[in-house]
Every structure is written in C-alpha cells, then in structure tokens.
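J.: Here is a sequence together with a model predicted from it:
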Amino acid sequence: ALLEPRAESRGWIVGPTLDLSQRIFRHVEHVLRDRLKHRILEIDSREHRIVVRNLAGGSSEARAKSADNPTSLLGEALDWLVVDEAARLREDIWPGFLSQRLLDREGWALLISTPNGCNGFYALFDRGRSGEDASFESFTGPTTENPYVSKGLIEAERSRLTRQEFSQEYEAKFLGEGVLPCPRCGGPSRE
C-alpha cells in the first residue's frame, strides 16, 4: 500500500491495543530500513509515522493507530487501512470509527485476525464469503497449512488445547459455525 504508484496516499495500521500497534509499526519500520531505505522520506518512531517515496514518485504515509482510544480514530480520510486482530476490536470500532475513514478517498481495508466467535469480524467475513457483496472478499490461511510453522509444534498444540481452541487458533475456524446461530448476527455462537 505504501509503494502503490499514486500522487499521494495515507493509511493506517490499526491494532486493538497500543502495544500491538507499536509492535506492528516497529516491524514495518524494520523492513523499510532493512530493504527499502532509499524510499524512506521520514520516520517518526515516537509519533508512529512513516513517509516513503512510492513507485510513482509521490509520497505515501502510514501511521500506527490504536483502537483502545477510539476518539483518536476520528477525522481523517484514508486511502487504505490494515487492521490486525480485527476480531479483538470492540464491536463499535469498525462501524463507528474506522469504516468512515475510507469514504472520502474511496479507500480499501484489510482486516486480519484469528476468529473469535460471533462478532463484528465474523459478520464482515461472512459478507465476503457469501458473495452477496462484491466489495468484500474473504479468505482463510490456517496455521496448519503454513509451511513456515513447524508441524511438530502445531501437533504439540493440538494435544495441549481443546478441540475447539485448536480449531479457532490453528485452523482459522469460527467456533460454533453452523451449530448454534448467534441471534444478533446469524454467525456462530460463543457456545
């Protein structure tokens, strides 16, 4: 997103907590310093802000933001938004604070998360999975299929966790899906 050829772009990397947002920002900063140093125009680690020269010669800015202070998410128009651990956000964060950031600039969002039962993330995931909304796309990437994670460690976790915990955390499955629908969103219940 930062390197997309444009005159300019603005985006946020959002996590449910300040600690997680800062961790993601440090990783992005490290990758840029290590591999794309020539593109860096400005890095302000204290403000969690990175500005780079994109592939069109324009400038692109990314900021790390935290959803634990939702009023800090108001008032800015964005081209893109990446939300990590989206299923852990408070229910009001996406519809009340984040989705509107994308309207003015016709932006896009990538919501990444491990499932967490019936919540707003599941409802958004289901919009893409059902095919009823062409502006949504949903996909899963189970840890069990990740070639970079030790199969032995995954199997050790399988023996340590309950079947449901393992299904959610390592197989990217929404617990209860198709068994007891949530009365609020129609997705899986937390039972």
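T.: Looks like it arrived, so ask away.
J.: Do a quick rundown of the helices in the chain.
T.: Secondary structure of the chain (DSSP state H): helices at 18-35, 93, 120-130, 151-160, 163-171.
J.: so residue 83 sits right up against residue 98, yeah?
T.: Yes. If you go by C-beta atoms under 8 Å, residue 83 and residue 98 touch, sitting 7.0 Å apart. (C-beta placed from N, C-alpha, C; glycine too.)
J.: Please identify every residue contacting each of these two.
T.: Residues touching both residue 83 and residue 98 comprise 14, 109, with contact defined as C-beta atoms under 8 Å, 6 or more residues apart in numbering.
J.: Reformat the helices of the chain as a markdown table; add mean neighbour count and distance to residue 72.
T.: Shown next, in a markdown table, are the helices of the chain (neighbours: other C-beta atoms under 10 Å; distance: least, C-beta to C-beta, whole Å):
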| stretch | mean neighbour count | distance to residue 72 |
| --- | --- | --- |
| helix 18-35 | 15 | 10 |
| helix 93 | 20 | 11 |
| helix 120-130 | 19 | 19 |
| helix 151-160 | 12 | 35 |
| helix 163-171 | 16 | 30 |
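J.: where do the strands sit along the protein?
T.: 8-15, 40-44, 49-53, 59-66, 80-84, 108-112 (DSSP state E).
J.: Report the mean confidence score over the last one.
T.: Spelled out, that is strand 108-112. Averaging pLDDT along strand 108-112 yields 97.
J.: could you give the angle of that strand to helix 120-130?
T.: 110 degrees (axes from the mean of the first three to the mean of the last three C-alpha atoms, to 10 degrees).
J.: Strand 108-112 pairs with which strands, parallel or anti?
T.: Partners of strand 108-112 in the sheet, by DSSP bridges, are strand 80-84 (parallel).
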